[in-house]
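Participant: Have a look at this prediction, sequence included:
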Amino acid sequence: MIRIALTGGIATGKSYCLRRFAELGVPAIDADRLARDAVAPGTPGLAAVAARFGGGVIAADGSLDRGALGRIVFADTRARAALEAIVHPEVYRRIREWSANQPAGTRVAIADIPLVYETGQEHEFDRVVVAACAPEEQLRRIAARDGLPHADARARIAAQWPIGEKVKRADIVIWTDRGNADTDAQVRRAYEMLNADC
């Protein structure tokens with residue numbers, strides 16, 4: 001089985017590409033969902049986040065206040081590194097477990113991992129696919145999707161490697177700023193290439 005990491009930057013179209021791969025029958029998992037699960041109420045992860053960042057990042061219902069935490073970690077690289085040290089080991093453990101439990105005969109499995117390069121974990125995968133778009137389109141999408149001021153959107157983009165650097169390292173690049181039909185065609189070509197490698 002070929003293990004694929006799908007990565008890119010914030011709002012570069014990773015989730016869209018992941019859905020298209022899943023529609024083609026590729027087992028798929030989303031690291032962002034795993035990261036949310038790792039800090040769900042009652043988990044050791046949430047307790048560790050509260051211990052490190054204080055009660056101000058816990059909402060009244062006992063869940064993580066993502067907005068409050070985001071304001072801290074996107075303004076302070078050390079704080080962001082501390083959060084990543086809590087969450088990332090659990091996310092990668094769950095991805096390894098998920099990969100190991102794929103049915104016999106599975107040819108390709110894909111994990112959407114936004115920070116695979118930043119965490120130095122690309123070596124855990126057989127191929128890396130990067131979803132990319134122009135930086136100005138990335139900024140526009142973040143502002144439209146999340147309602148963030150441009151300064152906050154830029155800070156989130158700056159917290160990740162530049163998309164150009166990820167494109168240079170990728171085994172396959174899918175450009176997502178040329179319309180959905182074009183993106184769909186690129187996903188299908190990538191799917192065919194990956195299956196041919198099995």
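Facilitator: Sure, I can see it. Numbering: from 1, shown residues only.

Participant: Flag every buried residue along the least confident helix or strand in the chain by mean pLDDT.
Facilitator: For the chain, using mean pLDDT, DSSP states H and E, the weakest element among its helices and strands is helix 150-158, scoring a mean of 83. If you call a residue buried by 16 or more other CB atoms under 10 Å, then helix 150-158 has these buried ones: D152, A153, R154, R156, I157. (C-beta placed from N, C-alpha, C; glycine too.)

Participant: The nearest residue to the third one once chain neighbours are set aside and D30: what is the separation?
Facilitator: Going back to what we said before, that points to R154. Closest residue in space to R154, ignoring its immediate chain neighbours: L139 at 6.8 Å, by CB to CB, 6 or more residues apart in numbering. When distance is defined by CB to CB, to the nearest Å, L139 is 23 Å away from D30.

Participant: where exactly do the strands run in the protein?
Facilitator: Taking DSSP state E, the strands of the chain run over residues 2-8, 28-30, 108-112, 127-132, 172-175.

Participant: Export those strands to a markdown table and append columns for mean neighbour count, mean pLDDT and distance to Q121.
Facilitator: Formatted as a markdown table, the entries for the strands of the chain read as follows, by neighbours: other CB atoms under 10 Å; pLDDT from 0 to 100; distance: least, CB to CB, whole Å:
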| stretch | mean neighbour count | mean pLDDT | distance to Q121 |
| --- | --- | --- | --- |
| strand 2-8 | 24 | 97 | 8 |
| strand 28-30 | 20 | 96 | 14 |
| strand 108-112 | 24 | 97 | 10 |
| strand 127-132 | 24 | 98 | 10 |
| strand 172-175 | 20 | 98 | 18 |
